[in-house]
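Asks: generate coordinates for the sequence data below:
(one chain, ligands or ions: 1)
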Amino acid sequence: MSKAILELRNVKTIVNKGTSNETTILKGINLTINEGDFITIVGTNGAGKSTLFNVIGGNLPADEGTILHNGKDITHESEEDRTSFLARVFQDPKLGTAPRMTVAENMLLATKRGEKRHLVMRKLKQNMARFTKLAATMNNGLEDRMTTATGALSGGQRQALSFLMATLKRPDILLLDEHTAALDPHTSLNLLHATNERITKDHLTALMITHHLEDALTYGNRLIVLKDGQIKADLNAAEKEKLTTDQLYTYFED
Ligand SMILES: Nc1ncnc2c1ncn2[C@@H]1O[C@H](COP(=O)(O)OP(=O)(O)OP(=O)(O)O)[C@@H](O)[C@H]1O
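Replies: From the prediction side, this is the model:
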């Protein structure tokens, strides 16, 4: 039987508490994420997808319910504490990297995710060949820009670097929040391929939010449809395999 890495039990998130704008965004989420799961997540705007990631990542509190990591209650653990086992890539290429540091320096920092971090130049030299090889797996010329300041990279290269940084030190959970959405179609496809290859080769446990129903069906072994703060469907590999985009689209309707 697969091992549960993360469990959400009846998780509710309420914003603007005690005001006339009080809203329950997540309305009792029950979700068990097993080791090696690659879950694609779809849902209409405002369904609660990013909020789900914020609650898993500790950026937003779970106002009710429990979150367990490897069986340990982490419901009240801070965002900072959770970075020891969790990595996230955002839609905005500017968010994942330090712009004035070089590609290699950013990668070196990423090897210390969740720990006290400082740059040791000797380690940069020691790791350069490994980092360059890893950068080459992204198929977008990142390997030729190892000593370039990250702020001077193209959006696609910067996003590829954010992805590499999130996976350099193996995370128990990788959250991909529409990480290819800001890229042109070719660059986006390239990053998706590299993402899929890394996740499957290294058996990473990952959740990927996407608005592209075809991508949601193509990638991963499980698909979740979020609607109005609830899980409307949680489909396994076999169910996903049989599904067409048209059928998936019907989950969005009332
Ligand atoms: N911190 C917050 N304070 C108030 N409202 C919030 C907060 N975070 C999210 N919301 C609201 O909760 C709802 C769900 O937002 P969320 O960003 O999770 O949706 P989403 O499914 O990721 O949407 P999209 O596809 O547009 O990114 C939205 O109505 C949003 O305005």
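Asks: which stretches of the chain form helices?
Replies: Listed in chain order, the helices of the chain (DSSP state H) span 49-57, 79-82, 103-110, 121-136, 155-168, 185-201, 213-218, 237-242, 245-250.
Asks: so what's Leu26 bridging to?
Replies: Residues in a beta bridge with Leu26, per DSSP bridges, are Thr13.
Asks: next one: Ile173
Replies: Ile173 has these beta-bridge partners by DSSP bridges: Leu86.
Asks: so how far is the ligand from it?
Replies: Counting by CB to the nearest ligand atom, to the nearest Å, the gap from Ile173 to the ligand is 18 Å. Any C-beta I mention is one placed from the backbone N, CA and C, and that applies to glycine too.
Asks: over to Gly43?
Replies: Relative to the ligand, and taking CB to the nearest ligand atom, Gly43 is found at 5 Å.
Asks: list the contacts for that residue?
Replies: Lys49, Val225, Leu226, Lys227, Lys232, Phe252 (CB atoms under 8 Å, 6 or more residues apart in numbering).
Asks: what about the first one, neighbour count?
Replies: Lys49 is flanked by 21 other residues according to other CB atoms under 10 Å.
Asks: surely Phe38 touches Thr200?
Replies: Yes: assessed by CB atoms under 8 Å, Phe38 is found in contact with Thr200 at 7.3 Å.
Asks: the two: which is more packed in?
Replies: Neighbour totals were compared for Phe38 and Thr200, and Phe38 leads with 22 against 15 (other CB under 10 Å).
Asks: how close does the more buried one get to the ligand?
Replies: From Phe38 across to the ligand, the span is 19 Å (CB to the nearest ligand atom).
Asks: so what's that residue up against?
Replies: Contacts of Phe38 (CB under 8 Å, 6+ apart): Ile199, Thr200, Leu204, Thr205, Ala206, Met208, Tyr219, Gly220, Asn221, Arg222.
Asks: how much space between the closest residue to the fifth one other than its chain neighbours and the ligand?
Replies: If I follow you right, that is Ala206. Nearest non-adjacent residue to Ala206, counting by CB to CB, 6 or more residues apart in numbering: Leu174, 4.1 Å away. Distance of Leu174 to the ligand, computed by CB to the nearest ligand atom: 17 Å.
Asks: so, low pLDDT: which residues of the stretch 101-250 of the chain?
Replies: Scanning the stretch 101-250 of the chain for pLDDT under 70 picks out the ranges 117.
Asks: so Thr205 sits right up against Asp37, yeah?
Replies: Yes: contact status for Thr205 versus Asp37: in contact at 5.5 Å, counting by CB under 8 Å.
Asks: list residues touching both of those two?
Replies: Residues touching both Thr205 and Asp37 (CB under 8 Å, 6+ apart) are Ile5.
Asks: before we move on, the earlier item: is it possible to get JSON lines of the helices of the chain that adds distance to the ligand?
Replies: Output for those, formatted as JSON lines (distance: least, CB to the nearest ligand atom, whole Å):
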{"stretch": "helix 49-57", "distance to the ligand": "3"}
{"stretch": "helix 79-82", "distance to the ligand": "14"}
{"stretch": "helix 103-110", "distance to the ligand": "25"}
{"stretch": "helix 121-136", "distance to the ligand": "29"}
{"stretch": "helix 155-168", "distance to the ligand": "17"}
{"stretch": "helix 185-201", "distance to the ligand": "16"}
{"stretch": "helix 213-218", "distance to the ligand": "13"}
{"stretch": "helix 237-242", "distance to the ligand": "20"}
{"stretch": "helix 245-250", "distance to the ligand": "15"}
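Asks: that's all I had, so thanks and see you.
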